[in-house]
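*Asks:* Okay, sequence plus prediction incoming.
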Amino acid sequence: MRIQRVFKEKELKQAPEAVDLSLIDGLIEKYKGKPGNMIPLLQGAQAVYGFIPREVFVKISRETGLTLSEIYGVATFYAQFRLNPVGKHIIKVCHGTACHVQNADSISDALREALKIKDGETTPDGLFTLESVACLGCCSLAPVMMIGDESYGKLTGRSAVKIVREIKAGESN
Amino acid sequence: METKVIVGLGSCGIAAGAGKVFETLNKLRDEGKADFLLSRTSCVGMCYREPLVEVVDGKGSVIYGNVDEKMAAEIISRHLLKNEIISEWVVRSESQETVDDTFFGGQVKIALRNCGFIDPEKIEEYKARGGYRALEMIAREKIAPEAVVQMVMDSGLRGRGGGGFSTGLKWKLTLNSQSDEKYVICNADEGDPGAFMDRSLLEGDPHSVLEGMIIGAYAVRGNGGVIYCRAEYPLAIKRLYIAIDQARKNGYLGKDIAGIEGFNFDLYIKEGAGAFVCGEETALMASVEGKRGMPYKKPPFPAESGLWRKPTNINNVETWANIPWIITEGPEKYASYGTEKSKGTKVFALTGKINRGGLVEVPMGITLREIIYELGGGIQGGKQFKAVQMGGPSGGCIPAALVDTIIDYDSVTSTGAIMGSGGMVVMDETTCMVDVARFFLDFTYKESCGKCTFCRVGTKRMLEILTRICEGEGKESDIELLEELAYQIKDSSLCGLGQTAPNPVLTTLKYFRNEYLAHIVDRKCPAGVCTKLLTYEVIPENCTGCTVCAKNCPVDAISGERKQLHHIDQAVCIKCGLCFTKCTFDAIRKY
């Protein structure tokens, strides 16, 4: 069901980091009052912050007249919107049908072990977030993962971990 | 003529390393190693041979497959500089027969007519292959909208997104609706796991989809358009933006399009935000309006009251891409392909345990056997073909016994699967059908929008039952319970998602009931997939007593002295399979 991703108590208690709300002034100006503006507004805000901070919901609501419940309803409906900060690189491991029958689970298992995080979590250094997604549409190269806008195909657990390690090494240089 | 080197840069090509091959070639050219024109194209369908590099010179075209950076350099030094064709790497050529020729043998390319042949980022290349000629023909010959609708009607084209509704009839209904404002929408929210036809089309030939939509807008007298595309397809979106920009500059979008006075039409891209249910047309329109993508009741149909309560014509990517061809080549020619009730061709994404995974376009009426064994080259590793899954989470598994089923809407539906949007996932003896059913229910359960109780709760209950069966906790009454739930969900859901969600379970129950029984009664998974039902055992003849398994066992379930036979304690074993993968003497057996 698409409506289970609500703020958990723990997340609410997290001290919010200071969010520079002026970064989305232009965005709000552009879409304010336009029909069908809610999703582009949220997508735009997420492009700025990497996720949608609480304060941004409040600001969008105040300045556009959309109710908080409407915005929150939409944000929690779509898988794209994140309510928590994410790592610099988002690793999306494909679990579509073709990847599933080619053992995509072993890719996720290997990455979970190597990064020591679970699905949906971010590494403590803020570099990687691990996610499982439905289908990336590169089925003939199954199993596949996507990091940023780059797709990697015909993976094994080992090669997937190697790719992630290379990115990590590149970051520390 | 100048030699042209073309690299296939679709998403799957890039994932296979085509980007690096392109860079290598570019570098060699810049260094002056050879003089050639470097160009890009998109997917020609041979995903299993990516990255592909094509060399076109005065003598014709040669396509090399599985090219890496080193091979790219060799193609330059041998083919371009020494005029020597490296025949063992060739996958397709006019001058040489290859094993891959049968991949193209049964194909008829209409929707994919330009994919792999043009640079999708250049409108000139689309036009050079007959692009926008359909639109210009309509303008020149002053063909009335009613006549265009009639042509589409005569072609027999049915919705390629899976519904299979007559496209001409849909257009006629929208044309007949009276309103100053009408919309046309392209549904590119390809969410079926295991399908990538729309992605390849948008990446490979975005203008054909645009031209189809422009003609559609003219035919239904529409003035606004939306392409609703998955955000997971960044390359498709990028190429669509480029195409739209080029179309505007060439007068194919905007005011008085193609010189047709009073025909004003423009469109924009709406990026989906990740919800499978938005592929359903009413949910899609709710999403365009900025709301939660929840379906609403039909009627009124979109043709009467759709986006912003205005008459709306909504078609899938592949449907739109067929339109220009139908106009220029004539509806009779389109209808000459296919069977009595299913005309034309259909694009399929062939994946899974098959030798040649890729994108194929075949005439309706072809058999599954031809697709799997001739085009697809049979099953990987010579294994036994078990079933093919068609139609994604809404479809079903067609067993090997029905491999002579012909591809048309009615024949596929009669098996319990559906034609769907074109996903075809091939499964072999190592695929567990109960696990596949569980996989799809897990998907539909997560993607259910939650509006209808039976879809929201029913899919969850079915998933729980299937999970329990996979874990060896199944009860004999479970099969009956699954069937009962399945029919209730089908009957009480509003949209296609819920109405079809039980299909994967129903078809596997129909054709693979024995596998369910093996899980429930014998507590065994015949395909060896469901981990909790596996047993790992040492094969005494092969065990050398090397102690590798015992050292790797995370729960110390393996005992045995050095150079002595080892033993697995089944009560302690957690079936992780580590001993099986670590043993170098094939001394561990799983069953």
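*Replies:* Looks like it arrived, so ask away.
*Asks:* buried residues in the lengthiest helix in chain B?
*Replies:* Taking DSSP state H as the criterion, chain B has its longest helix at helix B:453-470. Buried residues in helix B:453-470, counted by 16 or more other C-beta atoms under 10 Å in any protein chain shown: B:454-463, B:465-470. From N, CA and C alone the C-beta is placed, and that goes for glycine too.
*Asks:* and that helix, anywhere near chain A?
*Replies:* Yes. Helix B:453-470 reaches chain A (C-beta under 8 Å from any C-beta of the partner chain) through B:456, B:460.
*Asks:* Can you give the distance of that helix from its chain's centre?
*Replies:* How far helix B:453-470 lies from its chain's middle: 26 Å, per C-alpha atoms, centre = their mean, to the nearest Å.
*Asks:* which residues are there in the stretch 351-500 of chain B that come within reach of chain A?
*Replies:* Within the stretch 351-500 of chain B, the positions lying close to chain A (C-beta under 8 Å from any C-beta) are B:351-353, B:357-359, B:389, B:392, B:423, B:425, B:427, B:431, B:436, B:439-440, B:443, B:445-450, B:456, B:460.
*Asks:* Now intersect the residues you listed with the helices, please.
*Replies:* Under the assignment DSSP H, those contribute B:436, B:439-440, B:443, B:445-447, B:456, B:460 to helices.
*Asks:* still on that earlier bit, what sits up against the longest helix of chain B?
*Replies:* A:1, B:432, B:434-435, B:437-438, B:441-442, B:444-445, B:448-450, B:474, B:478, B:481-482, B:485-486, B:488-489, B:491-494, B:497-498, B:501-502, B:505, B:516, B:519-520, B:525, B:530, B:532-533 (C-beta atoms under 8 Å, 6 or more residues apart in numbering or on different chains).
*Asks:* what's across from the nearest residue to A:Gly148 once chain neighbours are set aside in the sheet?
*Replies:* Spatial nearest neighbour of A:Gly148, chain neighbours left out: A:His89 (6.1 Å); criterion: C-beta to C-beta, 6 or more residues apart in numbering or on different chains. With DSSP bridges as the criterion, A:His89 is bridged to A:Phe128.
*Asks:* What degree of burial does A:His89 show, as a neighbour count?
*Replies:* Neighbour count of A:His89, defined by other C-beta atoms under 10 Å in any protein chain shown: 19.
*Asks:* distance of it from chain B?
*Replies:* Separation of A:His89 from chain B (C-beta to the nearest C-beta, to the nearest Å): 15 Å.
*Asks:* so where do the helices sit in the stretch 251-400 of chain B?
*Replies:* With DSSP state H, counting those that start in this stretch as the criterion, the stretch 251-400 of chain B has helices at B:281-288, B:317-329, B:331-335, B:368-369.
*Asks:* pretty sure B:Tyr536 contacts B:Leu578?
*Replies:* No. Counting by C-beta atoms under 8 Å, B:Tyr536 stays clear of B:Leu578, with 9.4 Å between them.
*Asks:* These two: who's more crowded?
*Replies:* A count of neighbours by other C-beta under 10 Å puts B:Tyr536 above the other of B:Tyr536 and B:Leu578, at 23 against 17.
*Asks:* Could you give the number of residues near the residue nearest to A:Met38 when sequence neighbours are not counted?
*Replies:* Nearest-residue entry for A:Met38: B:Gly290, 3.7 Å, with adjacent residues in sequence omitted and distances by C-beta to C-beta, 6+ apart. By the criterion of other C-beta under 10 Å, B:Gly290 has 21 neighbours.
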